[in-house]
Each structure stands twice: as structure tokens, then as C-alpha cells.
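Asker: Here is my input, please return the structure:
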Amino acid sequence: MGERVGMGVVGAGSIGIRAALMHLSLEDVQDRVRLAAVCDPAPGRAQAAAERYGVAAAYESYEELLADPAVDAVTLCTPIGLHYAQGMQAIEAGKHVHFNKTMTVVKAEADDLIAAAARRGVHLVASPGMMLWPHNQRIRRIVLEGRLGTLVWAATGTSGVAQYHLDEQVRQGDDPLSNIDPSWYFRRPGGGPQYDVTVYCLHNLTGILGPAKRVTAMSGLVIPEREYRGNRIACDMDDSTMLLLDFGDAFHSFVYGTITGKVTEGFQPSIFGTEGSVVGTRCGDLDLTQPEDLMPHHVGEHKVLGERHVFEDMMQLVDWIREGRPSIASAEHARHVIEIIEAGYRAAETGQTQTLTTTFDPLPLEACAEV
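Answerer: Numbers count the residues shown, from 1 in each chain. Alright, predicted model coming up:
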């Protein structure tokens with residue numbers, strides 16, 4: 001086992017507080033990880049976060065945090081459009097990186113990060129690690145064992161998260177830890193439901209079924225203006241996108257990310273084959289969830305805190321650094337999903353189906369939870 005990992009939390013906004021600081025300040029993880037530093041450019045926010053959550057150092061600049069020798073790894077809790085540049089800076093500084101979703105905005109950026117990390121000898125873990133959930137592993141086992149027969153079609157997607165971001169508690173107060181502006185979510189390059197929530201659906205879908213081969217899409221902006229605490233937000237990022245994925249062998253999947261309406265359950269796919277189907281987490285009468293279905297680090301208070309799945313991905317990086325065990329929440333899987341999103345927007349703009357060029361190694365049968 002290695003030494004405790006010094007974690008630097010980059011951004012003390014909604015995810016930085018709920019996924020990193022609240023979880024990593026709990027006593028049960030102190031033997032493996034410690035909050036070495038936090039940074040945020042908003043005046044007073046990093047210091048307030050450090051005082052509340054017992055972080056060793058607070059900085060207003062990212063560069064100061066990266067220069068801190070106590071920081072071994074960083075978790076990027078910043079707007080998605082900043083992840084590429086900040087990830088490259090961290091890698092160049094010799095820091096391991098956990099990326100909150102989505103790792104980057106486009107495939108080329110993900111390529112650069114993966115190559116740079118390999119050259120520098122640092123580890124990358126990318127949220128969302130959806131295949132860490134036992135129920136997803138059971139669904140993959142059912143597919144791999146042929147219980148559904150020949151796969152015919154699937155669907156997944158989600159909606160309505162834009163209003164959730166406007167209403168989050170961390171955005172309703174007047175102090176630095178509760179007045180966090182959500183405007184970036186509605187703007188290019190990293191805003192909109194595709195990068196924010198459809199990414200979960202796509203990680204589930206491809207994690208269970210394996211890499212997709214082609215994508216076509218339609219996409220557009222339904223609500224061009226939002227309001228946050230009396231201020232106007234001009235929106236320029238598409239808020240309604242419909243993808244059609246080709247997995248080969250005449251097996252296709254519909255994937256949606258939009259502002260209202262749902263035809264699937266949660267972020268879970270519905271998968272239909274000639275011999276059976278999985279809808280949500282049920283295969284016919286078989287419930288693929290169990291009462292104690294948790295990710296590996298979901299113990300104690302972590303089970304009831306919000307954003308526990310993101311905390312899990314951070315701990316996947318901690319374990320990799322200390323124990324040398326790579327995580328299935330891989331940068332390669334994240335890159336494939338990013339390419340689907342990017343190519344989907346390109347398909348919608350051009351009217352032409354796009355061929356996907358990336359792949360990743362999905363879980364083998366022996367690594368899947370038993371049904």
C-alpha cells in the first residue's frame with residue numbers, strides 16, 4: 001500500500017462541495033486520502049471551503065494549487081469546457097487526475113490527455129463510472145450470456161435537468177458557498193444535457209453493450225433564455241438532442257437528452273432482444289438490483305450523502321495510485337462517449353451519419369456480478 005494521497009479539489013462549486021469536500025472530509029477515508037488543497041477564483045470561496053471542510057490549503061489560482069507539493073492528484077470540479085486545459089496542466093505538473101463528467105468536449109482533446117498521461121506516467125480516471133454499479137454488471141452478464149437472444153433495439157435518455165441546476169440549494173444563498181452561478185451550463189462549449197446527463201445514459205448503454213459504430217442525430221435549442229435569481233441567461237447550447245446509434249448487425253439504439261418527457265427509467269437503458277428484454281433494472285420478472293447493491297466505497301455516511309457515485313470515482317483514482325489497480329472508469333470509455341456526443345452534433349448539423357473511430361474494452365463476463 002502507498003502513502004495517503006493528497007487530493008487537490010479544483011473548484012468549490014456544486015460538485016466540488018457535494019462530491020469531493022463533503023465525502024473526502026469524512027473520517028473513514030483519512031487513512032487513504034486527505035484534502036491537501038482547494039482552489040476557486042471566486043473571492044473568498046476557497047478559503048470558506050477550506051475552513052468548513054478542514055482542507056490544508058486554499059488558493060484562488062489553479063497554478064498555486066498545482067505548485068503545492070502536498071497535492072498528488074486533482075479532481076476537476078469545474079465547468080466542462082475547462083477540463084481539457086486544466087487536465088493538461090495537471091498532467092504536465094505530474095499530478096494524477098480525476099475528471100468529473102464529461103472529461104472533455106471533443107475526442108481530439110481526450111486523445112491528447114490520454115497520450116500526455118501515458119508519457120508522464122500519471123493515472124486518469126473519468127466519471128461517470130457507471131459500470132461500477134452491480135446492476136449494470138448483471139445486465140451485461142445477461143447480454144453476454146445470450147439470455148435476450150439476438151439484440152434488436154434499445155433506448156435510453158433523460159430530461160429536465162436544466163431546471164434542477166437552477167434550483168440547487170448551493171445556488172440560492174448569499175455566502176460564497178451558496179451563491180454559485182449555473183450560467184455556464186446553458187452555454188457552449190460544455191453546457192447542455194448531452195455532456196451533463198446523457199453522458200450517464202451513454203456510459204450505461206455502451207458499458208453494457210460495448211462500443212457503438214455509427215451515429216446520426218437531430219438537435220436544437222428549445223428555450224433560448226433562462227432566468228437565475230432575476231438575471232437573464234442567454235442560452236446558446238442545444239437543449240434537445242436525439243441520437244440514433246448503430247452497434248452493428250442491425251442492432252440500433254435511440255438516445256435522447258432534452259428538456260422534458262421520458263420514455264425510459266432513470267439513466268438505465270431498455271434493451272430488447274428476440275428472446276427477452278431488460279427494462280430499467282428488470283429482466284422480465286427478475287429484479288437485477290439487490291438491497292445492498294453499492295459501489296465499492298459506499299459505506300457509512302457516504303451511502304446517504306449526495307453525489308456518492310462521483311466520490312466513488314475519486315476513490316477509484318486513490319486506489320489506483322496506492323495499490324496499482326486501474327479502474328474500469330477509464331479515460332478510454334469516456335473518450336468513446338465523448339466522440340458519440342461530438343459526432344452526434346456533427347451529424348445533426350450536416351445531416352450525415354458519422355462513423356465512430358474510438359473503442360474501449362468493456363467488462364469481460366468473468367468481471368461481471370452474478371445474476
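Asker: Please spell out which residues along the helix ranked longest in the chain are buried.
Answerer: Ordering each helix of the chain by length in residues (DSSP state H) puts helix 331-350 first. Residues of helix 331-350 classed as buried: 331, 333-348 (neighbour count, 16 or more other CB atoms under 10 Å). No exception for glycine: its C-beta is placed from N, CA and C like everyone else's.
Asker: any low-confidence regions in the stretch 151-300 of the chain?
Answerer: 162, 164 (pLDDT under 70).
Asker: repeat that for 90
Answerer: 160-192, 227-233, 290-292 (pLDDT under 90).
Asker: quick one: contacts for T281?
Answerer: Taking CB atoms under 8 Å, 6 or more residues apart in numbering as the criterion, T281 is in contact with H135, I139, E265, Q268, D287, L288, T289.
Asker: Relative to G129, which of those is nearest.
Answerer: H135 (13.7 Å; CB to CB).
Asker: Dump the stretch of helix or strand that closest one belongs to to CSV, keeping only the CA atoms.
Answerer: According to DSSP states H and E, H135 maps onto helix 134-144. What follows is helix 134-144, C-alpha atoms only, in CSV (Å, rounded to 0.1, in the frame of the first residue of the first chain):
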residue,chain,number,x,y,z
PRO,A,134,-23.6,-4.2,-9.7
HIS,A,135,-26.9,-4.0,-11.5
ASN,A,136,-25.2,-2.8,-14.7
GLN,A,137,-22.7,-5.7,-14.4
ARG,A,138,-25.7,-8.1,-14.1
ILE,A,139,-27.3,-6.6,-17.2
ARG,A,140,-24.1,-7.0,-19.1
ARG,A,141,-23.8,-10.6,-18.0
ILE,A,142,-27.4,-11.3,-19.2
VAL,A,143,-26.5,-9.8,-22.6
LEU,A,144,-23.2,-11.7,-22.9
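Asker: what comes up buried for it?
Answerer: Buried residues in helix 134-144 (16+ other CB under 10 Å): P134, H135, N136, Q137, R138, I139, R140, R141, I142, V143, L144.
Asker: Over to stretch 174-185?
Answerer: P176, L177, I180, P182, S183, W184, Y185.
Asker: Please tell me how far A19 sits from R308.
Answerer: 8 Å (CB to CB, to the nearest Å).
Asker: ok, these two, which is more surrounded?
Answerer: The neighbour comparison of A19 against R308 (other CB atoms under 10 Å) goes to A19, with 26 against 19.
Asker: For the more buried one, which three-state class applies?
Answerer: Recorded secondary structure, A19: helix (DSSP: H, G, I helix; E, B strand; the rest coil).
Asker: which residues does it contact?
Answerer: Contacts for A19 (CB under 8 Å, 6+ apart) come out as T75, C77, N100, G306, E307, V310, F311, M314.
Asker: Let me see the backbone angles for V29.
Answerer: The phi/psi pair for V29 (degrees, to the nearest 10) reads phi -110, psi 0.
Asker: no wait, H203
Answerer: According to degrees, to the nearest 10, H203 has phi -70, psi -40.
Asker: List the residues that contact the spatially closest residue to it that is not a sequence neighbour.
Answerer: Excluding its sequence neighbours, the residue lying closest to H203 (CB to CB, 6 or more residues apart in numbering) is M130, at 4.3 Å. By CB under 8 Å, 6+ apart, the contact set of M130 is N136, Y200, H203, N204, G207, F267, H309.
Asker: want to throw those residues into a markdown table with secondary structure and distance to K107?
Answerer: Formatted as a markdown table, the contacts of M130 follow (DSSP: H, G, I helix; E, B strand; the rest coil; distance: CB to CB, whole Å):
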| residue | secondary structure | distance to K107 |
| --- | --- | --- |
| N136 | helix | 24 |
| Y200 | helix | 19 |
| H203 | helix | 15 |
| N204 | helix | 20 |
| G207 | helix | 18 |
| F267 | coil | 22 |
| H309 | helix | 24 |
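Asker: Which of these sits closest to A67?
Answerer: Of those, the one sitting nearest to A67 (CB to CB) turns out to be H309, at 30.7 Å.
Asker: what's the offset of stretch 208-220 from the middle of its chain?
Answerer: Distance of stretch 208-220 from the chain centroid (CA atoms, centre = their mean, to the nearest Å) equals 17 Å.
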